[in-house]
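S.K.: coordinates only, sequence not included:
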């Protein structure tokens with residue numbers, strides 16, 4: 001009986017060790033991640049929140065070290081209450097309106113990834129690249145965009161389903177060190193409120209360096225090439 005218990009315990013430990021070692025990433029192979037989730041922009045950015053989709057491709061030099069490319073796309077809206085309202089004057093009255101505008105944000109860059117070589121694999125990423133914000137052409141009277149530099153930090157967990165397929169949960173911080181929130185003001189200069197400046201929001205609410213967080217779930221794939 002004692003010998004049987006010892007064999008059972010030993011077999012269990014071997015099985016657990018094998019499962020832990022069966023990572024969902026492999027040296028000299030790519031891991032591709034397709035993600036979807038929610039992008040939350042800092043209040044000082046003048047942007048609201050919106051849905052986001054993303055794609056990553058990481059080449060692993062070792063089971064725990066990889067380098068690759070990333071890109072994501074977010075549909076959001078500016079927060080008109082953070083900016084000078086539009087003032088429309090009539091014969092005996094003036095009306096004020098906070099104006100939002102639809103914006104699309106495209107981010108892209110390179111990153112390094114550190115990941116434990118196991119089936120349930122926590123990971124950290126560090127990357128850098130750029131962003132491009134596409135403004136509403138109807139409100140800006142032309143196709144208009146602005147670009148800048150982004151630093152990317154993040155972490156999460158990969159859960160391997162098979163050797164080639166898994167799922168992922170992650171959080172990322174996209175830091176804009178040179179952000180100009182005033183590009184989000186679509187109100188033409190002649191319609192901006194100068195008559196009652198006390199009604200304008202405090203410009204100190206806006207910031208030129210902002211942290212923006214993404215919360216995503218993803219499907220991880222290891223293509224056979």
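M.R.: That came through, no problem. Just so you know, these numbers come straight off a predicted model, no measurement behind them.

S.K.: please enumerate the strands of the protein.
M.R.: Along the chain, counting by DSSP state E, strands occupy 29-40, 50-62, 65-77, 86-89, 94-97, 102-115, 120-135, 145-160, 165-176, 210-221.

S.K.: identify each buried residue in stretch 207-223, please.
M.R.: For stretch 207-223, a neighbour-count test (16 or more other C-beta atoms under 10 Å) marks 210-214, 216, 218, 220-222 as buried. To be clear about C-beta, it is placed using only N, CA and C from the backbone, and glycine gets the same treatment.

S.K.: then stretch 156-170?
M.R.: 156, 158, 160, 166, 168, 170.

S.K.: residues contacting the second one?
M.R.: In this structure, residue 158 makes contact with 24-25, 115, 120-121, 123, 166-168, 220, judged by C-beta atoms under 8 Å, 6 or more residues apart in numbering.

S.K.: circling back to that earlier point, okay if I get the strands of the chain as a markdown table plus distance to residue 204 and mean pLDDT?
M.R.: Shown next, in a markdown table, are the strands of the chain (distance: least, C-beta to C-beta, whole Å; pLDDT from 0 to 100):
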| stretch | distance to residue 204 | mean pLDDT |
| --- | --- | --- |
| strand 29-40 | 21 | 95 |
| strand 50-62 | 25 | 96 |
| strand 65-77 | 22 | 96 |
| strand 86-89 | 21 | 69 |
| strand 94-97 | 20 | 71 |
| strand 102-115 | 22 | 96 |
| strand 120-135 | 22 | 96 |
| strand 145-160 | 21 | 95 |
| strand 165-176 | 18 | 97 |
| strand 210-221 | 14 | 96 |
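
S.K.: need those in a markdown table with distance to residue 183, can you?
M.R.: Shown next, in a markdown table, are these (distance: least, C-beta to C-beta, whole Å):
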| stretch | distance to residue 183 |
| --- | --- |
| strand 29-40 | 18 |
| strand 50-62 | 17 |
| strand 65-77 | 14 |
| strand 86-89 | 17 |
| strand 94-97 | 19 |
| strand 102-115 | 9 |
| strand 120-135 | 7 |
| strand 145-160 | 5 |
| strand 165-176 | 12 |
| strand 210-221 | 13 |
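
S.K.: quick one: which of the ones you listed is nearest residue 182?
M.R.: Evaluated with C-beta to C-beta, the strands of the chain place strand 145-160 nearest to residue 182, the distance being 9.9 Å.

S.K.: so the closest one versus strand 165-176, what angle?
M.R.: Here strand 145-160 points in a direction 150 degrees away from that of strand 165-176 (axes from the mean of the first three to the mean of the last three C-alpha atoms, to 10 degrees).
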